[in-house]
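**Q** need a 3D model of the sequence below.
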Amino acid sequence: MPAAILTEKLTKRFGPLTAVDSLDISIEEGEVFALLGPNGAGKTTFISMLCTLIAPTSGSAQVAGHDIIREGLEVRRKIGIVFQEPSVDDLLSGRENLQLHSLLYGVPRKEIAPRMERLLTLVGLSDRAESLVRTYSGGMRRRLEIARGLIHEPKILFLDEPTLGLDPASRQAVWGYIRNLKDRSGTTVILSTHYMEEADDLSDRVAIIDHGRIREMGSPDDLKRKVGGDIVVLKGAVSPEAFARLDFVKEIVREDAALRLTVIDAPKRLKAILDLCPALDEVEVRRVTLEDVFLKFTGRQMRDEEGADTIFERIATAEKSR
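**A** Purely as a prediction, here's the structure:
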């Protein structure tokens, strides 16, 4: 089966800034593939190249079997996009937005109405289809954008930070629609996010991206296994040297006023650990998360990086530097 997306040394520079640095990625058809990284990591730039919004500086990519440079029109016909920034027309109703997008993408007229009804039901907007989008909540707008991105039945759907700025209830609702999409249609989904739980819950594979490079890639479970144990966080008067000789402690990291241990089978080892730190103030024991994976492979916790994040801000920054 051919790859839905295949990149070779795909690179994008904005003046002195290398936003995407020589990425080699192969994404299978029907896969939910997450790009996990902080703001400024290069996720939006990478997606913008695959969607033919900007040209790469070097390297190549194929999307749905078409070259993003030589066959840009064919690529655009095969993809759907939910942008990071809101892009639905709030002067139109939800139904009118879907109808306009259908016409722009050449959906056969006899199929427009049934597709709209099916998608409005999928995203839970049937009862608000005739309302102007300006009356929608943020979560409703995002759900409408997902429906709009699917109206022409794309082979590949790009979701760039699809739940950014949504309240927890709306975020959970959008997750439900993405799961439903995966189960019912077999559409390939490329999801960029800086929410750990979003990548963990929705994706078949995750690529951890930071400073434009892939730091690690695999299924969420495989990535968590690479950390090599459970996490024990100790707060209080504790010394790293006390644990260095324990063969079941695989990693020791100082984090501000706490000590973070990676421990094999932590519940069974907890008593031995506590015996070494009688003046302990607080202890936390938990299973590995993607946050721990990110910390292991990048050397720092996930952050909301200052500076340009959207592709338009990156272009403006590059222009000013010339």
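
**Q** after the helix or strand containing residue 20 comes which helix or strand?
**A** Assessed by DSSP states H and E, residue 20 sits inside strand 17-27. Downstream of strand 17-27, the next assigned helix or strand under DSSP H and E is strand 32-36.

**Q** can you list the strands that that next one pairs with?
**A** Sheet pairing for strand 32-36, assigned by DSSP bridges, gives strand 188-193 (parallel), strand 205-210 (parallel).

**Q** can you give me the buried ones in the last one?
**A** Translated: strand 205-210. 205-210 (16 or more other C-beta atoms under 10 Å). C-betas here are computed from N, CA, C, even on glycine.

**Q** next: stretch 275-282.
**A** Within stretch 275-282, the residues scored as buried using 16+ other C-beta under 10 Å are residue 277.

**Q** what about it, average pLDDT?
**A** Averaging pLDDT along stretch 275-282 yields 84.

**Q** got a list of contacts for it?
**A** Under the criterion C-beta atoms under 8 Å, 6 or more residues apart in numbering, residues 234-238, 242-243, 274 lie in contact with stretch 275-282.

**Q** ok, of the residues you listed, which come out buried?
**A** Among those, those that count as buried by neighbour count (16+ other C-beta under 10 Å) are 234-235, 238, 242-243.

**Q** which of the residues you listed sits closest to residue 127?
**A** Proximity of the buried ones among the contacts of stretch 275-282 to residue 127 (C-beta to C-beta) peaks at residue 235, which lies at 49.7 Å.

**Q** mind listing the helices for the stretch 51-200 of the chain?
**A** Per DSSP state H, counting those that start in this stretch, the stretch 51-200 of the chain carries helices over the ranges 72-78, 94-104, 109-122, 138-150, 168-185, 196-202.

**Q** got the ones you listed as a markdown table, with mean neighbour count and mean pLDDT columns?
**A** What follows is the helices of the stretch 51-200 of the chain, written out as a markdown table (neighbours: other C-beta atoms under 10 Å; pLDDT from 0 to 100):
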| stretch | mean neighbour count | mean pLDDT |
| --- | --- | --- |
| helix 72-78 | 17 | 93 |
| helix 94-104 | 19 | 94 |
| helix 109-122 | 15 | 92 |
| helix 138-150 | 23 | 89 |
| helix 168-185 | 15 | 80 |
| helix 196-202 | 20 | 90 |
